[in-house]
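>>> got a predicted structure plus its sequence, pasted below:
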Amino acid sequence: MSRHPCTKNVEAWSCNLSNGSDLIVVDMPSFYSDRDNIYAKNRMTDWLESNFTEKCHSGVLFLHSLDSDPTHGDMLTSWHLETFAKAFPNKVTVPSHVYVVPTSHPDSTLPGEKLNQRVSKLKTITEGLNGNGECGWRASIFPGLFKGCPETAWSATLLLLKDIAEAQAKEFFTSPRPASKYMHSKCRDARVALRDLMDYLFKEFRKNARNGDLDAIITIGRITMEFTPPEHPEHPPALIYLAGLLSERFNKEGTKEDLDELVMLRRAALKSMPSDDLQRQTILRELDDCLYERFKREESMVDLDEIITLRRDALELTPLPKRCRQLLNLASALHERFQKQGSVNDINEAVNLADTASELHSPGHSDLSLSRDHASYLKAKIRARRSRAHPSSISSGIKQLINKVFFEKVETLPPRLLHTRAGILCNRDAQLFRFEQSPQYKQLLSSTSPPGSQQLEKEVHDTISEFFGFAILSHRWRSDEPLLHDIEGKKIYDLDDTDGLVKLQEFCILALERNFQWAWSDTCCIDKDSSAELQQAIGSMFSWYRQSSLTIVYLFDVSNPGSLANSVWFKRGWTLQELLASRTVLFYTHDWSLYMNRDTADHKTDPAVLEELHNTTGIERLHLTNFCPGMDDARSRLHWASRRYTTLPEDIAYSLFGIFKVHLPVLYGENAEHAIGRLLAEIISGSGDVSVLDWVGEASSFNSCFPANLVPYRAIPHAQPIPSYPARRNELDLEKARKLYNDLARLPLAGYVNRRLTLPSTIHPVTMAVLKDPSASPSGYTYEIHASRLRPVNVTLSVKLDRDPGTMYILIRPWHPKSLETQTESDDNAVWNLLEQLEQPFNALLLKRLPHNQYKRIASDRTITARVQDLACTLDSEVLHPEIV
């Protein structure tokens, strides 16, 4: 990390606190080897030896710049700290607490995504410090980012001091009796001193009209509250002020965490106030506002009940002539509770309150909103009375609502479902009939919720969603699976046994045991003779597995724990999306016993099974448990599918439609190359992601830039990075660098139109290709290729290059604009970072120029890893948009 300019000498300041304690702040150099500023290191060691002669409690605030990668060798926190610790005269004085503070230059142009990545890396590194090394560090990371704001600096400092004070207190309670007397005073003094310091800082920052870092001031306020007992005179005002700060941040960011804390703080403030406090009514109103905001989000009746209680209290605190607004607020809350719960008492009271408010309203000054509210309460009261007098008309309205919600719900479900109790296949009409015969339907018809109310609509939605929760089967097809015509109009439990039918019966019984009335299997619930239905099923398959309440995976070839990897289920194409789409999964073995016999509702939450799934599939745990369909990181998704196969070759592409969230026609009869080509073209057109072009092997007849199959994606691309040397920047032409940056920034995304791939790239024309000894490469032809601005590179091809001097070959580096960091007018770091990125080795594509300014990719048998001659060569990079066929 960059050294502070003033760290050649050790600087120390003593802060004398009001209780007689001292706080020593020391500014020390950061180093990790003897080649770093020997003079500063010796001065620091001398200073420590002369000042740290007896046991003390201390900690380290480690300011870690995010302008560089935290995993870079020169940046590793552990190296700095271990070397720093060696300078202390004895072990008892070595600081045990480390607080790592991420820092960034105020004018830094580092993109937010990269900044978050570096924060995440630094957090992992910090967690790894705990208990490691001879010092036994207790390390934490500051939750914010320091950019020079004093509030942030003090909040980080206070968090470190709080950890030290708490450790000191803990040491007192665990010390042997003889040391207790000594430790008691020290412990008390440390905590009192820290509280006094926090009180002082909090008051100072409160005076400054909040011009500083709001997050940091909130942190200081929270620590102050922790160390301030409720009986302290500063406790209530600190509560109110901290709530004000959180309210300000909540208005900007709207997070649930801030809202919940606001409610808690304002409740505490209200509780700590005397009943005659002049601020009490203000806090009542603010707590009311917070609770109502949370009620709007979560619809918690507990919050609404508390709002009504608060509004009753506010009404009592308001003199009679001024009660009009409070009366209407209470009436509004009671009306809202009536809409949710249908209590006649609530709506009657709301009408009475509105009557009283009308009487208090100034004569001659009409209030349209008051009249409208009054009218809505009267209307609700009349309808409630009418519904009790004429229940049949209300029942008819509920039936209409049920039908509406039913068809909205089942529209997203498979059109046919197996009823697990009866063992019969039900279409939409049969599903509705089953629901209308159920106790849940009768319960809805007798609901006491007001017609047209949100409460009734939610009740209907929740009931129908729960009723139509279904289990879904994932399995390896066998030769005797029952199809639609085999079971339609029949009870599956009465049919003669075949292996396929036994599997279906066991699946339905298992679903019923887990309290699911409905089940779905891809064998018999789709009419495969209907191309339209088959197209719809393939397009909806991911969604159906995602919406299922439980996916039951039957592994006929697994019998022992730890043998998931041996199952053919993990080698099939369609089962990849079934694994990723399903939220809840249970694996069953050949005899329908639960895998590993674990008492679990979801194997995805079982650490041992999840680890085995990760090892078997190579898929990260995050994707296994919380997969999001889409085109992000497309090459990794193709890698997952590269070792799988399907019975019909084109299905390997169709089975990925849901994973990539693409909607393409299913054209059975086309070859796999065309199906994969259409998928890759859609991915590139939708995202511009050129990583899918990083492969070696046989080219597709669909387009020369696409592979003939998914096998090439088994290899994970890797180019060994080279170190960068920022000092070379002074030798380069800044204007040329800016021009190159702007040229690349203006490049469009890659696209695919009319069987042509348009691929924005930096290009390197081939100047010479020397054929090496063919006997050295019996499987093909190896060339040493020389290209503009590149170092010579060896390329192995299955075809011989054209020796015609008029033939033009180029090596290209496909480009995606997201590779660029954002540049600001005052900072050229993004420009320099681009040059250093272009200097890194890259996997190149070899193209041959065809007539009409088109190109064709020459497939290679090995990765073409190219590298520019030097950093200066990057300034002369050429940009082209070749059309590749």
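Everything's here; your move.
>>> contacts only, for the residue nearest to Leu880 when sequence neighbours are not counted.
Closest residue in space to Leu880, ignoring its immediate chain neighbours: Ile763 at 4.7 Å, by CB to CB, 6 or more residues apart in numbering. C-beta here means a position set from N, CA and C on the backbone, and glycine is covered the same way. Ile763 makes contact with 810-813, 878-880, 882, according to CB atoms under 8 Å, 6 or more residues apart in numbering.
>>> also Leu327?
With contact set as CB under 8 Å, 6+ apart, Leu327 has these partners: 315, 353-354, 356-357, 360.
>>> ok, 6 Å please
353, 356-357 (CB atoms under 6 Å, 6 or more residues apart in numbering).
>>> distance to Ser521 added to the residues you listed, as CSV?
Converted to CSV, those look like this (distance: CB to CB, whole Å):
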residue, distance to Ser521
Leu353, 58
Thr356, 64
Ala357, 62
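>>> just the buried members of the residues you listed?
353, 357 (16 or more other CB atoms under 10 Å).
>>> about what we covered before: can you tell me which two in the contacts of Ile763 are farthest apart?
Leu811 and Val879 (14.1 Å; CB to CB).
>>> in terms of neighbours, single out the busier of these two.
Each of Leu811 and Val879 has its neighbours counted (other CB atoms under 10 Å); Leu811 has more, 24 against 14.
>>> could you look up the SS state of the more buried one?
Of the three states, Leu811 takes strand under DSSP: H, G, I helix; E, B strand; the rest coil.
>>> what of Ala537?
The three-state assignment at Ala537 reads helix, by three-state DSSP.
>>> wait, it sits on Ile526?
Yes: counting by CB atoms under 6 Å, Ala537 does reach Ile526; the two are 4.9 Å apart.
>>> mind showing which ranges of the stretch 751-885 of the chain have poor pLDDT?
Applying pLDDT under 70 to the stretch 751-885 of the chain flags residues 774-779, 805-806, 821-827.
>>> and the helices in it?
Here the stretch 751-885 of the chain has its helices, by DSSP state H, counting those that start in this stretch, at 829-839.
>>> which stretches of it form strands?
For the stretch 751-885 of the chain, the strands defined by DSSP state E, counting those that start in this stretch occupy 751-753, 756-758, 761-771, 781-787, 793-797, 809-814, 842-843, 845-850, 854-857, 865-866, 878-880, 883-884.
>>> sorry, back to before: just the buried members of the contacts of Ile763?
Buried residues within the contacts of Ile763, counting neighbours by 16+ other CB under 10 Å: 810-813, 880, 882.
>>> of those residues, closest to Thr224?
Arg813 (55.1 Å).
>>> so how far is Leu744 from the closest one?
11 Å (CB to CB, to the nearest Å).
>>> ok, now His419?
The gap separating His419 from Leu744 is 60 Å, by CB to CB.
>>> which regions of the stretch 1-150 of the chain sit below the pLDDT cut-off?
Within the stretch 1-150 of the chain, the stretches with pLDDT under 70 are 1-57, 72-94, 96, 131-136, 148.
>>> and the nearest residue to Phe627 once chain neighbours are set aside, how close does it get to Trp574?
Nearest residue to Phe627, sequence neighbours excluded (CB to CB, 6+ apart): Leu580, at 4.2 Å. Distance of Leu580 to Trp574, given as CB to CB: 11 Å.
>>> who touches both of those two?
In contact with both Leu580 and Trp574: no residue, using CB under 6 Å, 6+ apart.
>>> and the helix or strand harbouring the residue nearest to Phe627, what does it pack against?
Applying DSSP states H and E as the criterion places Leu580 in helix 574-581. Judged by 3 or more CB pairs under 6 Å, 6 or more residues apart in numbering; DSSP states H and E, the packing partners of helix 574-581 are helix 531-547.
>>> let's see that with 7 Å instead.
Helix 574-581 sits against helix 531-547, helix 657-660, with contacts defined as 3 or more CB pairs under 7 Å, 6 or more residues apart in numbering; DSSP states H and E.
>>> check which element follows the first one along the chain.
Towards the C-terminus, the helix or strand next in line after helix 531-547, according to DSSP H and E, is strand 550-554.
>>> between that next one and helix 531-547, how big is the angle?
For strand 550-554 against helix 531-547, the angle by axes from the mean of the first three to the mean of the last three CA atoms, to 10 degrees is 110 degrees.
>>> direction included, what does strand 550-554 pair against?
Sheet pairing for strand 550-554, assigned by DSSP bridges, gives strand 470-474 (parallel), strand 585-588 (parallel).
>>> pLDDT on that strand, on average?
Strand 550-554 shows an average pLDDT of 97 in the prediction.
>>> could you list the buried residues of that strand?
550-554.
>>> over to stretch 838-851?
838-839, 841-849.
>>> what about it, start to end distance?
Length of stretch 838-851, first residue to last, CA to CA, to the nearest Å: 30 Å.
>>> from the chain's centroid, how far away is that stretch?
Distance of stretch 838-851 from its chain centroid, counting by CA atoms, centre = their mean, to the nearest Å, is 35 Å.
>>> show residues contacting that stretch.
For stretch 838-851, the surrounding residues in contact (CB atoms under 7 Å, 6 or more residues apart in numbering) are 693-694, 717, 719-722, 795, 807-814, 855-858, 860, 863-868, 871, 874, 877, 882, 884.
>>> want to throw the strands paired with strand 550-554 into TSV with mean neighbour count?
Formatted as TSV, the strands paired with strand 550-554 follow (neighbours: other CB atoms under 10 Å):
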stretch	mean neighbour count
strand 470-474	25
strand 585-588	22
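>>> looking at those, spot the one closest to Trp544.
Nearest of these (CB to CB): strand 470-474, 6.7 Å.
>>> contacts for that closest one?
417, 507, 511, 514, 516, 518-521, 544-545, 548-554, 575, 578.
>>> can you pull the contacts of Ala268?
Per CB under 7 Å, 6+ apart, neighbours of Ala268: Leu239.
>>> right, and the helix or strand after the helix or strand harbouring it?
Ala268 is part of helix 256-272 when elements are defined by DSSP H and E. As assigned by DSSP H and E, the chain's next helix or strand after helix 256-272 is helix 280-298.
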